[in-house]
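[1] Build the 3D model from these lines:
(one chain, ligands or ions: 1)
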Amino acid sequence: MSSLALINEFLGQPPNASEHGYQIDHILEFSHWFMGVLFFGWSAFFIFVLIRFRKSRHPAADHEGVRSGISTHLEFSVVLIEAVLLLGFAIPLWARRVNEFPETKDAILVHVVGQQFSWNFHLPGPDGRFGRRDVNLVTNSNPLGLDPNDPAGKDDIVTLGELHVPVDRPVIIELSSKDVIHDFFLPSMRIAADAIPGSLIPMWFKPIKTGTYEVICGQLCGLGHYGMKGTLVVDSPPDYQAWLKERAELAGTQSAPPPGAPKTENPNAQPQNKPPEPAQSPNPSGQL
Ligand SMILES: [Cu+2]
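    Model (predicted):
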């Protein structure tokens, strides 16, 4: 971390804990210092102009105006630096984040589903396959609508508000929402993405420090938005295995339908407000 990072801390940014985060921090540092210099520069110029062109010194207006080209050069330099920041750094960094996903076989895969006002986390369990989800099966005890008849879902892990991941392994998230637009924001991991109903948004990060970090919602999503927080725990590999084991013991209990719920598989079940799709579609159309 460079000494320039002080300005990020001063402005309230938590320390970075992800592999790519230092690149984001460098851009933020530079932008903050650059804006600081511009602020003081333009403020000083404004005060200079007020004094230099005061009425008592120039009782008659000069209709020709400024003759020197300095301000033009200054403004051009500012535009140039901003263009370099945007085209040279910000856009390439963003492009790498969205184009260069890690191999799924090396990564932890998690489905994150936002709802007013909490985050649900869905892990595929030991078989590595996510169980089918269907909006028609959603109940209080089955918040993601996991299909109890799908063998792939038997070992799935569903948690509310707390996600564990191992350190030094990429985490690939598929993000969605049950109701309104939320924003899954991991400030310490320097990533955020909108959770949009009906869309599956991919995002990824690689935690490099163990610890407990905040998960927040970055979109004003309703009256309880302020409380839409969660916890990301980055574990050492043994701790992560212990957590998985503990959750695996609960896995069977989480997707059990309440008494009276329909027990038959319904392959044509669709999310509400969506046109029907072919039952054989490779796309998991019943997903939230
Ligand atoms: Cu929200």
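[2] element containing the residue nearest to the spatial centre of the chain?
    For the chain, residue 192 is the residue whose C-alpha lies nearest the centre (Cα atoms, centre = their mean; 1.8 Å). Secondary-structure assignment from DSSP states H and E places residue 192 in strand 191-195.
[3] The helix or strand following that strand - contacts with which helices or strands?
    Once strand 191-195 ends, the next helix or strand along the chain (criterion: DSSP H and E) is strand 201-205. If you count contacts as 3 or more Cβ pairs under 8 Å, 6 or more residues apart in numbering; DSSP states H and E, strand 201-205 packs onto strand 171-177, strand 191-195. Heads up, the C-betas are built off the backbone N, CA and C, glycines and all.
[4] report the angle between the axes of the last one and strand 201-205?
    For strand 191-195 against strand 201-205, the angle between stretch directions is 160 degrees (axes from the mean of the first three to the mean of the last three Cα atoms, to 10 degrees).
[5] what do you get for the longest one?
    Relative orientation of strand 171-177 with respect to strand 201-205: 150 degrees, computed using the same axes, to 10 degrees.
[6] And the helices in the chain, which stretches?
    With DSSP state H, the ranges of helices along the chain come out as 6-10, 21-52, 70-83, 91-99, 237-254.
[7] In the shortest one, which residues are buried?
    Taking 16 or more other Cβ atoms under 10 Å as the neighbour-count basis, helix 6-10 is seen to contain the buried residues 7, 8.
[8] just checking, which of the helices and strands packed on strand 201-205 sits deepest inside the structure?
    Comparing the helices and strands packed on strand 201-205 by mean neighbour count (mean count of other Cβ atoms under 10 Å), strand 171-177 ranks first with a mean of 21.
[9] Counting by contacts, list what that strand packs against.
    strand 108-115, strand 191-195, strand 201-205.
[10] That one pairs with which strands, parallel or anti?
    strand 108-115 (parallel), strand 201-205 (antiparallel) (DSSP bridges).
[11] count of neighbours near the residue of the stretch 1-150 of the chain found nearest the ion?
    Among the residues of the stretch 1-150 of the chain, residue 114 lies closest to the ion, at 5.7 Å counting by Cβ to the ion. Using other Cβ atoms under 10 Å, residue 114 has 28 neighbouring residues.
[12] quick one: contacts for it?
    Counting by Cβ atoms under 8 Å, 6 or more residues apart in numbering, residue 114 touches 120, 175, 176, 177, 178, 179, 182, 184, 195, 217, 221, 228.
[13] Check residue 239 too.
    Per Cβ under 8 Å, 6+ apart, neighbours of residue 239: residue 210.
[14] before we move on, back to that, which one of the helices and strands packed on strand 201-205 lies closest to residue 9?
    strand 191-195 (19.1 Å; Cβ to Cβ).
[15] ok, and what's touching that closest one?
    Against strand 191-195 from outside (Cβ under 8 Å, 6+ apart): 18, 97, 112-114, 175-177, 181-186, 201, 203-205, 218-219.
[16] The same query, at a cut-off of 6 Å, please.
    114, 175-177, 181-185, 201, 203, 205, 218 (Cβ atoms under 6 Å, 6 or more residues apart in numbering).
[17] need the residues of the stretch 151-288 of the chain near the ion, please.
    Residues of the stretch 151-288 of the chain lying near the ion by Cβ under 5 Å from the ion: 182, 217, 221, 228.
[18] Neighbours of the closest residue to residue 114 other than its chain neighbours, how many?
    Distances taken as Cβ to Cβ, 6 or more residues apart in numbering place residue 182 nearest to residue 114, at 3.5 Å, with adjacent residues excluded. For residue 182, the count of nearby residues is 32 (other Cβ under 10 Å).
[19] any chance of the contacts of strand 191-195 in TSV, with pLDDT too?
    Formatted as TSV, the contacts of strand 191-195 follow (pLDDT from 0 to 100):
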residue	pLDDT
114	93
175	95
176	93
177	93
181	95
182	96
183	96
184	95
185	96
201	93
203	94
205	94
218	94
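[20] Can you lay out those residues as TSV showing distance to residue 233?
    Output for the contacts of strand 191-195, formatted as TSV (distance: Cβ to Cβ, whole Å):
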residue	distance to residue 233
114	19
175	19
176	22
177	23
181	26
182	21
183	21
184	16
185	17
201	23
203	18
205	14
218	20
